[in-house]
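K.L.:
Below are the sequence and a predicted model; questions follow.
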Amino acid sequence: MDTNLVIEGFKFMALGMGTVFLFLIILIVMMNIMSAVIHRLFPEPKPSASAQSDSQNNNKRIVAAITAAIAHHRRS
């Protein structure tokens with residue numbers, strides 16, 4: 001009985017890598033299903049018009065603060 005250990009090693013490597021690959025594919029599919037279920041049961045709320053104006057006002061304040069910081073840095 002002549003067994004080639006290299007061939008046996010490649011068989012075990014292929015079996016192990018195949019098992020890991022199959023597990024990862026199943027994991028990805030299950031995560032996508034879970035994500036779809038969560039999004040269906042708990043949809044994200046739509047922002048209202050007042051929230052959008054608040055965010056625009058907030059962005060203007062941030063831009064003003066950054067501009068002031070840059071101007072102060074250049075004067076120093």
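P.N.:
Alright, I've got the coordinates. Bear in mind that the values here come from a model prediction, so they are computed numbers and not experimental data.

K.L.:
going forward, measure contacts between C-alpha atoms and count neighbours the same way
P.N.:
Will do.

K.L.:
since we're on residue 21, how many residues are nearby?
P.N.:
Neighbour count for residue 21, taken as other Cα atoms under 10 Å: 12.

K.L.:
ok, now how distant is residue 71 from residue 64?
P.N.:
11 Å (Cα to Cα, to the nearest Å).

K.L.:
burial count for residue 12?
P.N.:
12.

K.L.:
who are the neighbours in contact with it?
P.N.:
Shown in contact with residue 12 (Cα atoms under 8 Å, 6 or more residues apart in numbering): no residues.

K.L.:
So it: helix, strand or coil?
P.N.:
Assigned state for residue 12: helix (three-state reduction, DSSP: H, G, I helix; E, B strand; the rest coil).

K.L.:
domains for this protein, by residue range?
P.N.:
The chain breaks down by automatic domain parsing into domains covering 1-44, 45-76.

K.L.:
Put together CSV for those, with mean pLDDT on each row.
P.N.:
Formatted as CSV, the domains of the chain follow (pLDDT from 0 to 100):
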stretch, mean pLDDT
domain 1-44, 94
domain 45-76, 85
